[in-house]
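sequence below, structure please.
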Amino acid sequence: METIIKGNWTKKRDAKRERLANVSSMMDRHFVHRDNIIPLLERVIQPYDRVVIEGNNQKQASFLSKALSQVSTESLHHLHIIMSSVSRPEHLDLFEKQIADRLDFSFSGPQSTRIAQMIEDEEINVGNIHTYIELYGRLFIELIPNIALVAADQADVNGNLYTGANTEETPTIVEATAFKNGIVIAQVNEIVEELPRVDIPSSWVDVIVQSDEPYQLEALFTRDPQHITEIQILMAMLSIRGVYEKHEVQSLNHGIGFNTAAIELLLPTYAQSLGLRGKICKHWAANPHPTLIPAIESGWIESIHSFGGEKGMEEYISARPDVFFVGSDGTMRSNRTLCQMAGQYAVDLFIGSTLQMDYVGNSSTVVRGRLAGFGGAPNMGHDPKGRRHSTKAWLDLQNEQEDLIRGRKLVVQMMETHQPGNRPVFVERLDAIKVAKEAKLDTPPVMIYADDVTHLVTEEGIAYLYKSDSPSERKQAIAAVAGVTELGMTSSVQEKRRLRDLGIVATSTDLNVDVTKANRSLLAAKSIEELVMWSDGLYQPPEKFRSYWT
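Residues are numbered from 1 along each chain as shown. Okay, here's the model as predicted:
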């Protein structure tokens, strides 16, 4: 006879009601005054809770993270912090003050050096370094949050939230918390009678506080064209000719950096001269990079879905709803989770850079003394085996020896052979292997594995790694474009000729790229000021970028 379990199936719901009852005297419906936020956190959060803090690439729940770092350690300790991006000092203050002791995250850009030292000093116990989708997915499985601290532009008097152009990860972390009887606390810039649109309904939100200043928002994807170098322009020309044109890439994601900004600014000039408009770069999963403005204005781009917004691009986006995903209120709707999914499954090409690549093509942005993590690059920078729809670019990389036809995503690593300070990018052994041991991680934090990388672009040329038929040939192909590095010096003239004859390596000569034309005159815009001109004055660059021309 089967055992029937009888009991209370609403323990978590009851516990949530009890926690909220503890702070009811501080609240007016959904709302609490900012002066009461620290005591509210001390009462509503409990030791050992899993607390997810909104802290993605650009948008930070900065008022709430500051408040959490000021709570009493007698009230709160041993918290498990979950964040996509560890970006602010107080995120790590939580661990120095022993309010928290465990961390699961994806990226730590501005705090990468400090977090590496704190791990070495055993002040932080790292669960895992995740990709974005991986971290978001686990919030619905075994890392379900007890508390979510999020940020929004506005709340109305009924408690609904408006997140505007920077919705980003808010819906994902709120839903994971709210529908499993966790407590959602939102900071807002202002409280209004009526919202432009409702992004998060009030029934998903428990506590709202109007912060003393707007949440932190960074212009993370703005690249000033005046800093693009001639080497980066050359690599952009090689990429357009040897990757984009060759494979007829129409859907893509560009990683952050000056290399890809150069490609964007060569579309209306160099790529136009090749007759490629309408044949490449039509559909994008990308933040609204200002360097995309000339390509949009000259009719290259049909659609862009974005992970988040970009400071200064709001008016331009609102005026281009045919290109961006814009609501009836005139502001963009971004969604970090959905755009990561689009970048993983719906685009044909990912192109990005790295800090280190080993001799067979594994790469990582985790190096000694800097635990940066890698955010969404592993999501977009791999060949998703679950894909079933076909495109010309995807089918172009199929293995013709297989009876079951299956294409392959283009995963391109694009970098100069040396980092600033003349440090070679190519290393025999990734620092990530030693970092993993020091941080007691189960696996080395590799950003993109070698078997996923299909193309390598350097100033020396392109290695078509998907064509190599063995690890040794793959290493030889990388060496052929590794320049004057320890690895590059192992490649003989004869070996390079053999690889070129096989089509595994292509130089500028092979691709008919005139290196003498690789100069700044090719850029569609050579400064921030020219980007503003392209936008008809709609792009309003942040102050730190205006100092160059005003």
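
list the buried residues of stretch 427-436.
V427, L430, D431, A432, I433, V435, A436 (16 or more other CB atoms under 10 Å). Any C-beta I mention is one placed from the backbone N, CA and C, and that applies to glycine too.

these into a markdown table, with extra columns for secondary structure?
As requested, those are arranged in a markdown table below (DSSP: H, G, I helix; E, B strand; the rest coil):
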| residue | secondary structure |
| --- | --- |
| V427 | strand |
| L430 | coil |
| D431 | helix |
| A432 | helix |
| I433 | helix |
| V435 | helix |
| A436 | helix |
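
what about the strands in the stretch 451-550 of the chain?
455-458, 461-464, 505-506 (DSSP state E, counting those that start in this stretch).

those: which one's closest to P541?
strand 455-458 (28.8 Å; CB to CB).

would you mind listing the buried residues in that closest one?
In strand 455-458, the ones that count as buried by 16+ other CB under 10 Å are H455, L456, V457, T458.

can you pull out the strands in the stretch 151-300 of the chain?
Using DSSP E, counting those that start in this stretch, strands in the stretch 151-300 of the chain cover 161-162, 183-192, 207-210, 216-217, 251-254, 283-285.

so which of those strands is the most surrounded?
Mean neighbour count (mean count of other CB atoms under 10 Å) peaks for strand 161-162 among the strands of the stretch 151-300 of the chain, with a mean of 26.

now tell me what touches it from outside.
Residues from elsewhere that reach strand 161-162, judged by CB atoms under 8 Å, 6 or more residues apart in numbering: 152-156, 170, 186, 188, 195-200, 202, 205, 208.

any idea how far that strand is from the chain center?
Averaging C-alpha positions (CA atoms, centre = their mean, to the nearest Å) puts strand 161-162 23 Å from its chain's average.

give me the mean pLDDT for that strand.
Mean pLDDT, computed over strand 161-162, is 98.

would JSON lines of the strands of the stretch 451-550 of the chain with mean pLDDT and distance to G255 be doable?
Formatted as JSON lines, the strands of the stretch 451-550 of the chain follow (pLDDT from 0 to 100; distance: least, CB to CB, whole Å):
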{"stretch": "strand 455-458", "mean pLDDT": "98", "distance to G255": "13"}
{"stretch": "strand 461-464", "mean pLDDT": "98", "distance to G255": "17"}
{"stretch": "strand 505-506", "mean pLDDT": "98", "distance to G255": "22"}
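
could those strands be laid out in JSON lines, adding distance to L499?
Output for the strands of the stretch 451-550 of the chain, formatted as JSON lines (distance: least, CB to CB, whole Å):
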{"stretch": "strand 455-458", "distance to L499": "12"}
{"stretch": "strand 461-464", "distance to L499": "8"}
{"stretch": "strand 505-506", "distance to L499": "4"}
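
where in this protein is pLDDT low?
Scanning the chain for pLDDT under 70 picks out 1-2, 547-550.

how many residues are close by I115?
I115 is flanked by 25 other residues according to other CB atoms under 10 Å.

residue numbering should commence at 183 henceforth.
Sounds good: first residue 183 from here, last item I297.

can you tell me how far it sits from F287?
Noted for I297: a distance of 8 Å to F287, by CB to CB, to the nearest Å.

got any residues that touch both of those two?
V268.

about what we covered before: mark which of the contacts of strand 343-344 are part of helices, please.
Counted as lying in helices by DSSP state H, out of the contacts of strand 343-344, are T352.

follow-up on the earlier one: now distance to I475 too, for the strands of the stretch 333-482 of the chain, in a markdown table please.
As requested, the strands of the stretch 333-482 of the chain are arranged in a markdown table below (distance: least, CB to CB, whole Å):
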| stretch | distance to I475 |
| --- | --- |
| strand 343-344 | 26 |
| strand 365-374 | 27 |
| strand 389-392 | 34 |
| strand 398-399 | 20 |
| strand 433-436 | 14 |
| strand 465-467 | 13 |
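
contacting residues for the closest residue in space to L416 that isn't next to it in sequence?
Closest residue in space to L416, ignoring its immediate chain neighbours: A700 at 3.8 Å, by CB to CB, 6 or more residues apart in numbering. Contact analysis of A700 by CB under 8 Å, 6+ apart lists E412, I413, I415, L416, M419.

which members of those are classed as buried?
I413, I415, L416, M419.

quick one: which of those residues is nearest G494?
Distances from G494 to the buried ones among the contacts of A700, taken by CB to CB, are shortest for I415, at 24.4 Å.

hmm, that closest one is touching R702, no?
Yes. Applying CB atoms under 8 Å as the test, I415 and R702 come out as touching, 6.9 Å apart.

so who does the closest residue to R211 other than its chain neighbours touch?
Nearest-residue entry for R211: G341, 6.8 Å, with adjacent residues in sequence omitted and distances by CB to CB, 6+ apart. If you count contacts by CB under 8 Å, 6+ apart, G341 has them with R211, H212, F213, S384, V387, I390.

contact partners for the second one?
Contacts here follow CB under 8 Å, 6+ apart; on that basis H212 touches A337, G341, S384, V387, D388, V389, I390.

how close does it get to E376?
Distance from H212 to E376, by CB to CB: 16 Å.

equivalent analysis for the first one, please.
As judged by CB to CB, R211 and E376 stand 17 Å apart.

go on, the last one?
Spatial separation of I390 from E376 under the definition CB to CB is 16 Å.

swap in the fourth one?
Computed with CB to CB, the distance linking S384 and E376 is 13 Å.

more neighbours, those two?
Taking other CB under 10 Å, S384 and E376 do not tie; S384 has more neighbours (17 against 10).

relative to V380, how far out is the closest residue to that one other than its chain neighbours?
Distance criterion CB to CB, 6+ apart; nearest residue to S384, sequence neighbours excluded, is G341 at 3.3 Å. Distance, G341 to V380, by CB to CB: 10 Å.

and what of T698?
From T698 to V380 the distance is 56 Å (CB to CB).

residues contacting P221?
M208.

what helix or strand is it located in?
helix 219-226 (DSSP states H and E).

okay, the angle between that helix and strand 365-374?
Angle of helix 219-226 versus strand 365-374, following axes from the mean of the first three to the mean of the last three CA atoms, to 10 degrees, is 150 degrees.

ok, then the element right after helix 219-226?
Trace forward from helix 219-226 with DSSP H and E and the next one is strand 232-235.
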